[in-house]
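>>> Provide a 3D model corresponding to the input given below.
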Amino acid sequence: MNSWSLSDIEVVSRAIVSAPSVHDTQPWDLRLDGTCAQISERRGFTDTPRADRVISCGAGVTNVELALRALGRQIETDLLPDPRRPELVATVRTVGTASPSSTDLRLFSAMARRRSHREAFADIPVPAATVADIVDAAEMEGVCARLLAADEAPALADVLLYSADRVRQDPGHQRDLFPWTSHWLPQGGHESFDTIRTVVTRGVPDSARLAAAIESETVLVFASDTQESIDLVRTGIAVERAWLTAVDARLGASVLSHPLRVDDSAPRLANRLNLPGNPQLILRIGY
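Numbers count the residues shown, from 1 in each chain. Take a look at the predicted model:
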């Protein structure tokens, strides 16, 4: 028996569509059946790393959970519930009714306001209590969300520039290179456009300048215990919870993941920062 009204379907569908995804590919399928919402990974993408696609699906799980709680449903979530169906990322079952918490309602509201801020933030420090709330929201088994210390900014800058150097001669990646090193720069980077309006980078900043800009912002590094699908899904859940918590606090944010997919960039960052596990992405936060 189907327990989903047309308005339920619209709310849940809008929620997952608003989740962040790699290159805005939305690499998931949503099925509402009986009392369950099923989120599956859509296969067939060849131009995006699978880690980013699975993390994106995890972000979608967070939004579906919030939508169902906002609808007054009590839920239970099983991640990767069927070994015979590895593409099935999560099953979210409704098991009763429950009044949504104020936190659930605030984060559900924040979904519609979440945007990627791909420019430098204002020179206003984020309060420590707010940062702590964001880190707490990201608490998840198999995932470490760590605030980048001021003296660790040079390490991140070096890794970003290392990744940029590896791909700067590859025209297929040039459109990704510019954002890696320009997010933090108020005056922007060196950019031009080719004939199809794709951003092409002509140069990158020096390490000291980039490190100083990174140090002036609030940056979280997310690392997973393993590279297994379960920990990638958990990473996506944790990142979206953190991002929505930041939006609820009237902050902007953006994610960088592609630099950590280049060659040995992720192990390099893990070594420089003494991180446990596998660095998956960087979340910038600010006003």
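>>> which secondary structure element contains residue 245?
In the assignment (DSSP states H and E), residue 245 maps to helix 229-248.
>>> Now the element after that helix, going C-ward?
Downstream of helix 229-248, the first helix or strand assigned by DSSP H and E is strand 252-256.
>>> Give me the contacts around that following strand.
Strand 252-256 has contacts (C-beta atoms under 8 Å, 6 or more residues apart in numbering) with 20, 114-118, 121, 160, 179-180, 183, 239, 243, 246-247, 281-287. Heads up, the C-betas are built off the backbone N, CA and C, glycines and all.
>>> Tell me how many other residues crowd the closest residue to residue 233 other than its chain neighbours.
With C-beta to C-beta, 6 or more residues apart in numbering as the criterion, residue 233 has its nearest non-adjacent residue at 4.1 Å, and that residue is residue 58. The tally of other residues near residue 58 (other C-beta atoms under 10 Å) stands at 28.
>>> And residue 226, how far from residue 253?
The spacing between residue 226 and residue 253, counted by C-beta to C-beta, to the nearest Å, is 25 Å.
>>> show me where the stretch 51-200 of the chain has helices.
Assigned by DSSP state H, counting those that start in this stretch, the helices in the stretch 51-200 of the chain fall at 102-111, 128-137, 153-167, 174-182.
>>> quick one: the strands in the protein?
Assigned by DSSP state E, the strands in the chain fall at 28-33, 36-41, 73-79, 88-97, 143-147, 190-193, 199-203, 218-224, 252-256, 278-286.
>>> on that earlier part again, tell me what angle the helix holding residue 245 forms with strand 73-79.
With axes from the mean of the first three to the mean of the last three C-alpha atoms, to 10 degrees defining the directions, helix 229-248 sits at 140 degrees from strand 73-79.
>>> Surely residue 40 and residue 27 touch.
No: the pair residue 40 and residue 27 does not pass the contact test of C-beta atoms under 8 Å, sitting 9.7 Å apart.
>>> More neighbours: these two, which one.
Using other C-beta under 10 Å as the criterion, residue 40 and residue 27 rank with residue 27 on top: 23 against 18.
>>> show me the contacts for the residue nearest to the more buried one when sequence neighbours are not counted.
Spatial nearest neighbour of residue 27, chain neighbours left out: residue 53 (4.2 Å); criterion: C-beta to C-beta, 6+ apart. Contacts for residue 53 (C-beta under 8 Å, 6+ apart) come out as 21, 22, 25, 27, 41, 45.
>>> Quick check: the gap between the nearest residue to the first one once chain neighbours are set aside and residue 268.
For residue 21, the nearest residue in space outside its immediate sequence neighbours is residue 56; the separation is 3.8 Å by C-beta to C-beta, 6+ apart. With the distance defined as C-beta to C-beta, residue 56 ends up 24 Å from residue 268.
>>> Likewise for residue 212?
21 Å.
>>> which residues touch the residue nearest to residue 21?
Listed by C-beta under 8 Å, 6+ apart, the contact set of residue 56 reads 19, 20, 21, 22, 25, 26, 27, 28, 236.
>>> Weed out the non-buried ones from those.
19, 20, 21, 22, 26, 27, 28, 236 (16 or more other C-beta atoms under 10 Å).
>>> Could you tell me what pLDDT the model assigned to the fifth one?
The predicted structure scores residue 26 at 94 on the pLDDT scale.
>>> same question, the fourth one
pLDDT, the model's per-residue confidence, is 90 for residue 22.
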